[in-house]
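K.L.:
model this:
(chains A and B)
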Amino acid sequence: ELKVEQNPLFLSMQEGKNYTIYCNYSTTSDRLYWYRQDPGKSLESLFVLLSNGAVKQEGRLMASLDTKARLSTLHITAAVHDLSATYFCAVEWEYGNKLVFGAGTILRVKS
Amino acid sequence: DSGVTQTPKHLITATGQRVTLRCSPRSGDLSVYWYQQSLDQGLQFLIQYYNGEERAKGNILERFSAQQFPDLHSELNLSSLELGDSALYFCASSVRQVPYNEQFFGPGTRLTVL
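P.N.:
Numbers count the residues shown, from 1 in each chain, chains lettered A, B, ... in the order given. Coordinates of the predicted model:
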């Protein structure tokens, strides 16, 4: 059974600081997704990572995937308050089928 | 707005009752997925349909069932409801584009069982 672990589960940051969220998974997969969820809202797709060494960037967020280490990272650069949300990584289990989600990282950016 | 619609947004009901949640996928998407989000279990995959046929099952209780209709909309039926069924239920859809299967989530239905 595929297990996905995120850490930290809660992150309180000051505006302008950098930090990284880690996502480890237990079995081989080369398809990993990052989603953002605002309180009480739906999940918004942020990044799709499809191969070893994949790196994607959008604004202050950058995601990478190391399939050999079974590790993905979401790096936040110079955080701003608008980035406050819960971030989930999800690994695709059995191509075309379900996503297995991590527990989520609650990010609070303080001004 | 992902293009996936779900109704109703909120549902409040009593234990023992039965409810139906409805989902319309994005135009052109053949796959529909149902997920349950709760504080203690996190986001859990329930079931997947592809073009009307069940494709994969996850942690779905026997009291729950789903189907996908010819127009590709899907319904999730929850019966004999218990307090622990209170959760946010999401529907997602995808078109199964090679080489990846990005899923787009609807706004969710918040179910409260009293």
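
K.L.:
CA only for contacts and neighbour counts going forward, please
P.N.:
OK.

K.L.:
quick one: name whatever helix or strand follows whatever helix or strand residue B:91 lives in.
P.N.:
Taking DSSP states H and E as the criterion, residue B:91 maps to strand B:87-94. From strand B:87-94 onward toward the C-terminus, using DSSP H and E, the following helix or strand is strand B:104-105.

K.L.:
do that next one and chain A meet?
P.N.:
Yes. Strand B:104-105 lies within reach of chain A by Cα under 8 Å from any Cα of the partner chain, at B:104, B:105.

K.L.:
wait, does the helix or strand just after that strand contact chain A?
P.N.:
The element immediately downstream of strand B:104-105 (helix or strand, assigned by DSSP H and E) is strand B:109-113. No. Counting by Cα under 8 Å from any Cα, chain A has no neighbours in strand B:109-113; the shortest distance is 9.0 Å.

K.L.:
now do strand B:109-113 against strand B:87-94, angle only.
P.N.:
Angle of strand B:109-113 versus strand B:87-94, following axes from the mean of the first three to the mean of the last three Cα atoms, to 10 degrees, is 150 degrees.

K.L.:
who touches strand B:109-113?
P.N.:
B:6-15, B:21, B:81-90 (Cα atoms under 8 Å, 6 or more residues apart in numbering or on different chains).

K.L.:
of the residues you listed, grab the buried ones for PyMOL.
P.N.:
To isolate the buried ones among the contacts of strand B:109-113 in PyMOL, judged by 16 or more other Cα atoms under 10 Å in any protein chain shown, type:
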select buried, chain B and resi 6+7+13+21+81+82+85+86+87+88+89+90
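
K.L.:
quick one, helices of chain A?
P.N.:
Listed in chain order, the helices of chain A (DSSP state H) amount to none at all.

K.L.:
okay, now the unreliable bits of it?
P.N.:
In the predicted model of chain A, residues A:95-96 satisfy pLDDT under 70.

K.L.:
that one against chain B: which residues are in contact?
P.N.:
Counting by Cα under 8 Å from any Cα, the residues of chain A that sit close to chain B are A:31, A:33, A:41-45, A:48, A:50, A:92, A:95-103.

K.L.:
ok, residue B:91 to residue B:17 distance?
P.N.:
Separation of residue B:91 from residue B:17 (Cα to Cα, to the nearest Å): 21 Å.

K.L.:
identify the residue spatially nearest to whichever residue of chain B sits closest to chain A, adjacent ones excluded.
P.N.:
Among the residues of chain B, residue B:107 lies nearest to chain A; the distance is 4.8 Å by Cα to the nearest Cα. Taking Cα to Cα, 6 or more residues apart in numbering or on different chains, and ignoring the residues beside it in sequence, residue B:107 has residue A:42 as its nearest neighbour in space, at 4.8 Å.
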